[in-house]
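Student: predicted model, plus sequence, below.
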Amino acid sequence: MKIAAFSVEADRHIGIVQNDGVIISLSALRETEFPACIKTFIERSEELRPLAEQLIGQHENEQARFTLSDVKILAPIPNPEKIICVGLNYMDHCKETGMEPPASPVIFSKYANAISGHNEAVKIPVNSNEVDFEAELAVVIGKEAKCVTEEEAMDFVFGYTILNDISARDQQFSDGQWARGKTADTFAPTGPFVVTHDEVGDPHNLDISLKLNGSLMQDSNTTQLIFTVPKIISFLSQSMTLKPGDIIATGTPPGVGMGRNPKIWLKKGDRMDVTIEKIGTLSNYVED
């Protein structure tokens, strides 16, 4: 199941994306059961997902059918309790940054102010001149997880989306810690959809790439992850309670701007397209 949050004029919806580019609005089919919020859908997924599958299979309401080109796709989860990121989680990315592969997951956070959606602007802060891109597979937690083992960790995954971990490198490294450089407004584009774990299958064998103005910059596969999705979930859950709708970004492959010679920094007018197999393409443009 591929779930999208979208708006049509002033109305917000959640819907199921079909293979033919049609999106069927659950909000329009059964407004009282389906609030226009994917996070709420996740929290009530045991109740709402079977109902959604039933409605999609038998719906005849043409007013609930939209084409993707006619709607505005929104950030799927604009208000997660937590956005947790894993740094240095691809071996080749460690090499291009000149850093040793970590012995355990390197964890940092972003905040909800950084969330932006598909086809929305990434805005360069007035106090940074070295803003970079990072294509990442993001895990969406489906139910509360505390002290779970690696063997049971995947039971707590609702699905996956894409996150572009935008980073102000000058701030990231001058501050001595990463918070300011990682969580400026618009620095966490996510989307365009949340795809359920059963549709994605194995998250450790997905092609992942990023194009900047049409030129391929990052091109890898999640087989290169140092720490797997269940390892990350188990590791985090030993310290913090993961909640439905929490987003975990699993790290970026090589090819980022800071690893190039000469370095490439984002500038006004740039366009980024992050594609992950079985999930889709997240596109954003850059503004000052």
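Tutor: Yep, it's here.
Student: in the helix or strand of the chain with the lowest mean pLDDT, which residues are buried?
Tutor: Least confident helix or strand of the chain, by mean pLDDT, DSSP states H and E, is helix 91-97 with a mean of 79. Going by neighbour count (16 or more other CB atoms under 10 Å), the buried part of helix 91-97 is 93-94. Bear in mind the C-beta positions are built from the backbone N, C-alpha and C, glycine included.
Student: who does whichever helix or strand comes after it touch, helix- and strand-wise?
Tutor: Using DSSP states H and E, the helix or strand that follows helix 91-97 in sequence is strand 106-110. In this structure, strand 106-110 makes packing contacts with strand 83-87, helix 179-182, judged by 3 or more CB pairs under 8 Å, 6 or more residues apart in numbering; DSSP states H and E.
Student: listing partners with orientation, what would you give for the first one?
Tutor: Think strand 83-87. Sheet pairing of strand 83-87 (DSSP bridges) gives strand 106-110 (antiparallel), strand 247-249 (parallel).
Student: can you tell me which of the ones you listed is most buried?
Tutor: Highest mean neighbour count among the strands paired with strand 83-87 (mean count of other CB atoms under 10 Å): strand 247-249, with a mean of 26.
Student: what about that one, distance to the chain center?
Tutor: Put simply, strand 247-249 sits 7 Å off its chain's centre (CA atoms, centre = their mean, to the nearest Å).
Student: what of stretch 130-143?
Tutor: That offset, for stretch 130-143, works out to 5 Å (CA atoms, centre = their mean).
Student: now do stretch 5-22
Tutor: For stretch 5-22, the distance to the chain centre is 18 Å (CA atoms, centre = their mean).
Student: give me the average confidence score over it.
Tutor: On average, the pLDDT along stretch 5-22 is 91.
Student: for that stretch, buried residues please.
Tutor: Of the residues in stretch 5-22, 5-6, 13-17 count as buried by neighbour count, 16+ other CB under 10 Å.
Student: wait, isn't residue 190 in contact with residue 115?
Tutor: Yes - look at residue 190 against residue 115 with CB atoms under 8 Å: they come within range, at 6.2 Å.
Student: out of the buried residues of stretch 5-22, the closest to residue 63 would be?
Tutor: Comparing these against residue 63 with CB to CB picks out residue 13 as the nearest, at 11.4 Å.
Student: now do the buried residues in the helix ranked longest in the chain.
Tutor: Assignment by DSSP state H gives helix 45-58 as the longest helix of the chain. Neighbour-count burial for helix 45-58 flags 45, 48-49, 52, 55-56 (criterion: 16+ other CB under 10 Å).
Student: what about that helix, distance to the chain center?
Tutor: On CA atoms, centre = their mean, the centre of helix 45-58 falls 24 Å from the chain's centre.
Student: quick one: residue 178 and residue 218, what's the gap?
Tutor: 20 Å (CB to CB, to the nearest Å).
Student: again but with residue 253, I slipped
Tutor: Residue 253 sits 5 Å away from residue 218, going by CB to CB.
Student: now the common contact residues for these two.
Tutor: 135, 208 (CB atoms under 8 Å, 6 or more residues apart in numbering).
Student: quick one: which of these two has more around it?
Tutor: residue 253 (26 against 23; other CB atoms under 10 Å).
Student: tell me the secondary structure at that one.
Tutor: coil (DSSP: H, G, I helix; E, B strand; the rest coil).
Student: distance of it from residue 219?
Tutor: 8 Å.
Student: who touches both of those two?
Tutor: residue 208.
Student: re the thing from before, overlap in contacts, residue 190 and residue 115.
Tutor: 75, 77.
Student: tell me which of those two has more neighbours.
Tutor: Neighbours per residue (other CB under 10 Å) separate residue 190 from residue 115, with residue 190 holding more: 28 against 24.
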